[in-house]
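**Student:** Just the structure for this:
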Amino acid sequence: MFTTRHRRMAAFAVAVALTGAGPALASPVVMSSVPQVSDRTFQAEILAAHNAERRAVGVPDLVWSDALAAEAEAWANGLAASGAMTHAAQRTHGENLYMNAVGRRTATQMVAGWLAERANYIPGAAHPNVSKTGNWADVGHYTAMVWSTTTEVGCAVARGKVYDFLVCRYNPPGNMRGRAAYDASKPRREVVVAAAPSPTPAPVVAAAPVPSPLPTPPPVQTARAADPVPAPAPAKTPAAQPSAPPAAVVPVKVPQVDEANPVPVPSAKPTVVARQAD
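**Tutor:** The predicted structure is shown next:
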């Protein structure tokens with residue numbers, strides 16, 4: 001059971017988007033038959049619709065759950081029989097609902113209706129202050145789909161006399177008060193890699209100084225009668241040698257590497273929003 005901290009926001013609130021009072025009988029039928037939950041193509045369709053957006057915001061893919069799909073199918077069949085869209089009383093899993101006229105949309109198109117709520121979502125905001133409209137339920141389907149700690153999904157479509165119903169169940173559930181759906185510090189589809197420190201350059205060794213050449217000894221003077229004691233020739237001053245150039249100093253720039261600080265996301269609470277379309 002959930003504690004008060006984990007209770008559903010807004011007391012099991014329901015967001016209903018009405019685009020028409022009844023089915024549009026002249027609308028083309030794009031889903032002639034209802035897919036079965038065991039249909040691998042249907043499962044792949046649902047996962048692709050969810051995971052494309054999850055990858056865009058940098059959270060792990062969802063995997064299909066047969067158990068969640070069985071729960072979703074049982075509830076969807078009940079909605080189809082009653083012709084009304086209501087949430088289940090269960091508190092264990094998140095739940096998204098969608099309804100439209102029979103055959104009006106495929107499962108992918110229904111999920112796209114939830115994804116469209118992204119336009120009003122405030123990335124990185126904590127629930128319930130997550131919508132530009134001021135009402136979190138206007139983006140609740142979307143946040144349930146991309147909630148970072150959710151790992152499994154199972155969905156089902158059921159057909160009534162007038163409406164098709166799509167039910168998706170999520171585990172663990174999302175939309176938890178005080179938490180963000182995902183870490184929005186990085187742009188969509190961009191991986192930020194910390195810069196590696198610059199390599200330390202090899203030390204510069206100054207060239208060994210060139211030894212100064214020895215001065216040429218003066219020539220030996222031979223004593224002559226007129227010059228019995230030869231005067232020594234003046235010593236030559238050796239030419240000054242250029243000093244070795246100073247060793248080059250190469251600055252080493254070590255960039256500052258900041259550690260990631262993701263937003264902690266504790267256990268989630270059930271998603272409790274639904275969407276209705278014509």
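
**Student:** Which parts of this protein are helices?
**Tutor:** Counting by DSSP state H, the segments of the chain that form helices are 40-56, 66-82, 107-115, 140-146.

**Student:** Tell me which residues of the third one come out buried.
**Tutor:** In this case it means helix 107-115. 107, 109, 110, 111, 113, 114, 115 (16 or more other C-beta atoms under 10 Å). The C-beta positions use only the backbone N, C-alpha and C, and glycine is treated the same way.

**Student:** contacting residues around residue 109?
**Tutor:** Counting by C-beta atoms under 8 Å, 6 or more residues apart in numbering, residue 109 touches residue 30.

**Student:** Let me see the confidence value for it.
**Tutor:** Listed pLDDT for residue 109 reads 96.

**Student:** hmm, back to that, possible to save the helices of the chain as CSV with distance to residue 157?
**Tutor:** Output for these, formatted as CSV (distance: least, C-beta to C-beta, whole Å):
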stretch, distance to residue 157
helix 40-56, 8
helix 66-82, 7
helix 107-115, 6
helix 140-146, 16
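
**Student:** Closest one of the buried residues of helix 107-115 to residue 82?
**Tutor:** Closest approach to residue 82 among these (C-beta to C-beta): residue 110, at 18.7 Å.

**Student:** Spit out the contact partners of that closest one.
**Tutor:** By C-beta under 8 Å, 6+ apart, the contact set of residue 110 is 98, 100, 157, 164, 166, 277.

**Student:** May I see the buried residues of helix 107-115 organised as TSV, with distance to residue 150 added?
**Tutor:** Compiled in TSV, the buried residues of helix 107-115 are given as follows (distance: C-beta to C-beta, whole Å):
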residue	distance to residue 150
107	19
109	22
110	19
111	15
113	19
114	14
115	15
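
**Student:** From the contacts of residue 110, keep the buried residues only.
**Tutor:** So, by 16+ other C-beta under 10 Å, the buried ones in the contacts of residue 110 are 98, 100, 157, 164, 166, 277.

**Student:** for residue 146, what are its contacts?
**Tutor:** Residue 146 is in contact with 53, 54, 57, 59, 181, 182, counting by C-beta under 8 Å, 6+ apart.
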